[in-house]
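Visitor: Pasting the sequence and the predicted coordinates here, then a few questions.
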Amino acid sequence: MRMRFVATVLAAILAPLLAPPVGAAELVMFEQKSCVWCQRFDREIAPAYDKTAEGQRAPLRRVDIAGQAPADLAFIKRERFTPVFVLIDQGREFGRIRGYPGDIFFWGLLANLIERLDRGETAPSEQPSAAPPGATFAE
């Protein structure tokens, strides 16, 4: 009985310390099931992402473009191809990576976005006219 009480108290104390901060940065990945580039990302990046400094700074959050977007992501302008990675923090977009350019380029592009986040520079609003290399159009 006493051990259960101690465990409950410790859990109550540690839970807020271990939980990500409210409004913390996230890397939102818009994907779809038939996307070969999403599958390549899953093989090359996803297994290690949460163990990296970038993954700690901006945890990966996946959104299937075939479904309804979560209400807290309504401010993000959606695109018709996948994958699209959008770096957000506190309801603001700091930039995006359109398509999956391979592991080496992905890490460099993500580093640039995180630098922009650290400087507080939000992304300019833009929309490409065509899907970039490394992207699959939505079905």
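Guide: Structure's in. What do you need?

Visitor: buried set for the helix or strand containing residue 108?
Guide: Using DSSP states H and E, residue 108 falls within helix 103-119. Of the residues in helix 103-119, 106, 109-110, 113-114, 117 count as buried by neighbour count, 16 or more other C-beta atoms under 10 Å. Using the backbone N, CA and C atoms, a C-beta is placed for each residue, glycine as well.

Visitor: Closest one to residue 98 out of those, please.
Guide: Residue 98 lies nearest to residue 109 out of the buried residues of helix 103-119, by C-beta to C-beta, at 9.7 Å.

Visitor: The residue most central in space within the chain: what's it in contact with?
Guide: Of all residues in the chain, the one closest to the mean position by C-alpha atoms, centre = their mean is residue 27, 1.8 Å from it. Listed by C-beta atoms under 8 Å, 6 or more residues apart in numbering, the contact partners of residue 27 are 54, 58-61, 85-87, 110.

Visitor: Please consider this matter closed, and thank you.
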